[in-house]
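Novice: no sequence on this one, just coordinates:
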C-alpha cells in the first residue's frame, strides 16, 4: 500500500467533477487500499479520490472512535437518494484545507446508493457524524468544498490564506 500526496487548496483539481467508475477490478481495489492508508495516515475520517488527484467517483471513510476497531468503508459512484428533514451542525475540517474548521449545517441523515468493491449495488441509511462525513465527501466528487457553506467573507479569507501559502511554497 502507498500513501498518496494530498491535493491542497487552492489547487483547481478540487473543483473538478469526478467521473463515474466503469468497473471494479484489482487495480481499483488496490487504489482503495492506498486511499484508506492515506486517510489513516493524515489522520482523517474521510477521503475522496479527487483529494489525491484522481477524478473518480470514489470515497473512503471510517468514523469509528479511537478506542473502537477500525471500520473502513469504500463507496463507488455514491449518490444521495434521500435526505432527512432534520438538520444537524458539525464542526467540519478537510484534509485538503488543513487546520481550518467551520460549523456546517447539513441534513441529519441521508440514504446513499453506491457500488461496493464487491461490484454489487448497495443502499444504506445513515445519520449523525456518518451522514455528515458522507455528504462532505460526496460534495468533493461534485467539486464542492465545505467552505462553500460558510459566508462569502470567511470563504474568501480562507482561499486568500491558502493561495498565499501555496505561493510561498513555490517561491
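Specialist: That came through fine. Quantities reported herein were computed from a predicted structural model and do not represent experimental measurements.
Novice: where along this protein do the strands fall?
Specialist: Taking DSSP state E as the test, the strands found in the chain are 46-48, 58-61, 73-83, 87-94, 97-107, 109-115, 121-127.
Novice: got CSV for those strands, with mean pLDDT and distance to residue 157 too?
Specialist: (C-beta placed from N, C-alpha, C; glycine too.) Compiled in CSV, these are given as follows (pLDDT from 0 to 100; distance: least, Cβ to Cβ, whole Å):
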stretch, mean pLDDT, distance to residue 157
strand 46-48, 98, 24
strand 58-61, 98, 27
strand 73-83, 98, 29
strand 87-94, 96, 16
strand 97-107, 97, 10
strand 109-115, 98, 30
strand 121-127, 97, 32
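Novice: Out of those strands, the one nearest residue 1 is which?
Specialist: Among the strands of the chain, strand 58-61 comes nearest to residue 1, with 12.3 Å by Cβ to Cβ.
Novice: Please name every helix or strand in contact with the closest one.
Specialist: Strand 58-61 sits against helix 26-41, strand 46-48, strand 73-83, helix 128-141, with contacts defined as 3 or more Cβ pairs under 8 Å, 6 or more residues apart in numbering; DSSP states H and E.
Novice: can you redo those as JSON lines with distance to residue 1 and mean neighbour count?
Specialist: Shown next, in JSON lines, are the helices and strands packed on strand 58-61 (distance: least, Cβ to Cβ, whole Å; neighbours: other Cβ atoms under 10 Å):
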{"stretch": "helix 26-41", "distance to residue 1": "4", "mean neighbour count": "17"}
{"stretch": "strand 46-48", "distance to residue 1": "14", "mean neighbour count": "28"}
{"stretch": "strand 73-83", "distance to residue 1": "14", "mean neighbour count": "18"}
{"stretch": "helix 128-141", "distance to residue 1": "20", "mean neighbour count": "22"}
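Novice: right, and those - which one's nearest residue 94?
Specialist: Closest to residue 94 of the helices and strands packed on strand 58-61 is helix 128-141 (Cβ to Cβ; 7.4 Å).
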